[in-house]
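Colleague: build the 3D model from these lines:
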Amino acid sequence: MTARTLVLPAVTVCLLLLTGHEARGQFGQGGGFGGGFGRQELRIVPQFDKDADGRLNAVERRAARSFLESQPSNRRGGRSGAQSSAVRNRALTRADVKPPYPTTPLYDMATLRTIFLQFENADWEQELATFYNTDVEVPATVVIDGKTYADVGVHFRGNSSYRQVPAGYKRSLNLAFDDVHDTQEVGGYTTMNLLNSHEDPTYLHTVLSQEIARDYLAAPKSNFVRVAINGENWGIYVSSEQFNRIFVKEWFGTRMGARWKVPGNPRSRAGLEYWDENVAQYKRVYEIKSKDDPKAWADLVRLTRVLNETPADALEAALTPMLDIDGTLRFLALDIALNNGDGYWTRASDYVIYQDVKGRFHILPGDMNETFSEGGRGFGFGGVPPSATLDPLVGLTDTSKPLRSKLLAVPSLRAKYLAYVKDIATKWLDWAKIGPLAERYQAVIAAEVKADQRKLDGIEEFPADLPARTDDLRGFIDERRAYLLGYQPTIRAAR
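Modeller: Down below sits the predicted model:
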């Protein structure tokens, strides 16, 4: 936010800003263990997996850590260091969470579950940092609702939400319950994404944005959880559903089909441009999460070719058999209406792609933690950060984002897209509707957030409706709604 109060020490903030600048400057240089945002995951397991079981045991991980930490160019991202002793939360054990345990769904917004993680090593934070952006999962025993889950794979996730947060403070986690035991799941889900609410002191951006998105297309569920690590309460995280076969089954009725993820990246160039028929180029920016199928890649390349090379008057007919056009327009409308500072319109990143069993592609939201961006976040189009007066037709001449520049060049599709933008503003960007949700959701976590010594922001930034402020969540939503409902489109204004 414009006047955010950070808990982090001033010296740390300066160092983090320098680190972020360095990382952005290194992007695209590639190679080695260095590089900046968006580097490809480093494959370590094949080199150190001596027993050939597909994962690293404690002995193998020690060898891998020693190797990684010996590399002079191994900048694992963020400020690794030893776990900070400057801040510490109260102890939290299973005895502190009294039965009966919740029987509500895993993503019930009124339920605050506690997730207990127990790592083998006391320096678990340093171990996770060393293996950041590698294929190594660090095992933990996890207890939820009184049930114990063994051999859960854990790694730090995120990009700027990891790199800009120092050791000892909340970093985002990914928990793979099926990493070792294929059928192990919790509440019907095999994976949990625990988000640190980076750049969102209200803890509301993800949960509200995904709730809005689910009114228009397939989008993840989310809620809040309390996390305890090796006996210490690490406070509130946002728990967001994973884009996997379970998600696909929920929305499309089958676990089959091809899935890609486009990670958050300021220079992604993953906007579905057509380069040529060389699949290797596409594999550098689109991460396939399903089977690495040559046909799926060929279909993706064909989609980019048709999207980019078909004249506007023939584009809709050409794309209809291979792309859910209406769903894509809804995706683009949500991206703009909610001011996703890390989304398709600005970075061509942080979204997912699903090809269904009939060969049709669906463009869907990814992380939504940087929505409601009132300025100063994200990179924006042409270097301009998003604001409440972001033009819905921004960037129509930006050929690196053809879902916008090509689809919205078709008058009928542009009109439908703008109708979705206005519908979102009318139905959802209304404090009479959002306000009660925000109040109810924050009430579930307010006491825990206040007590948390490892949170990233001051408690004074937590309320969603701050009196006499225009840069809080309510001020932004009110201003965004007024702008969109009064918007008069002109092509010239979109340039």
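Colleague: any idea how many residues pack against residue 441?
Modeller: Counted by other CB atoms under 10 Å, the residues lying close to residue 441 total 21. In this view, the C-beta of every residue, glycine as well, is placed from N, C-alpha and C.
Colleague: what pLDDT is listed against it?
Modeller: Confidence at residue 441, expressed as pLDDT, is 97.
Colleague: quick check, it in a helix?
Modeller: Yes. According to DSSP: H, G, I helix; E, B strand; the rest coil, residue 441 belongs to a helix.
Colleague: hang on, isn't it packed against residue 205?
Modeller: No. When contacts are counted by CB atoms under 8 Å, residue 441 is not listed as touching residue 205 (11.3 Å).
Colleague: low-confidence regions, the stretch 201-350 of the chain specifically.
Modeller: Residues of the stretch 201-350 of the chain that meet the criterion pLDDT under 70 lie in 266-267.
Colleague: quick one, strands of it?
Modeller: 222-229, 232-240, 258-262, 287-288 (DSSP state E, counting those that start in this stretch).
Colleague: likewise the stretch 1-150 of the chain?
Modeller: 113-119, 138-144, 147-156.
Colleague: with mean neighbour count and distance to residue 309 added, can I get the strands of the stretch 201-350 of the chain in JSON lines?
Modeller: Listed next are these as JSON lines, based on neighbours: other CB atoms under 10 Å; distance: least, CB to CB, whole Å:
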{"stretch": "strand 222-229", "mean neighbour count": "22", "distance to residue 309": "38"}
{"stretch": "strand 232-240", "mean neighbour count": "23", "distance to residue 309": "36"}
{"stretch": "strand 258-262", "mean neighbour count": "21", "distance to residue 309": "21"}
{"stretch": "strand 287-288", "mean neighbour count": "16", "distance to residue 309": "23"}
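Colleague: with distance to residue 252 added, can I get those in a markdown table?
Modeller: A markdown table is the format used below for those (distance: least, CB to CB, whole Å):
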| stretch | distance to residue 252 |
| --- | --- |
| strand 222-229 | 20 |
| strand 232-240 | 19 |
| strand 258-262 | 11 |
| strand 287-288 | 17 |
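Colleague: out of those strands, flag the one nearest residue 462.
Modeller: strand 232-240 (10.4 Å; CB to CB).
Colleague: packing partners of the closest one?
Modeller: Here strand 232-240 is seen to pack against strand 191-195, helix 205-213, strand 222-229, helix 431-451 when contacts are counted using 3 or more CB pairs under 8 Å, 6 or more residues apart in numbering; DSSP states H and E.
Colleague: just the residues contacting the first one, thanks.
Modeller: It stands for strand 191-195. 115, 157-158, 161, 172-178, 186, 206, 225, 227, 237-242, 244, 367, 369 (CB atoms under 8 Å, 6 or more residues apart in numbering).
Colleague: so that strand versus strand 113-119, what angle?
Modeller: On the basis of axes from the mean of the first three to the mean of the last three CA atoms, to 10 degrees, strand 191-195 is oriented at 100 degrees to strand 113-119.
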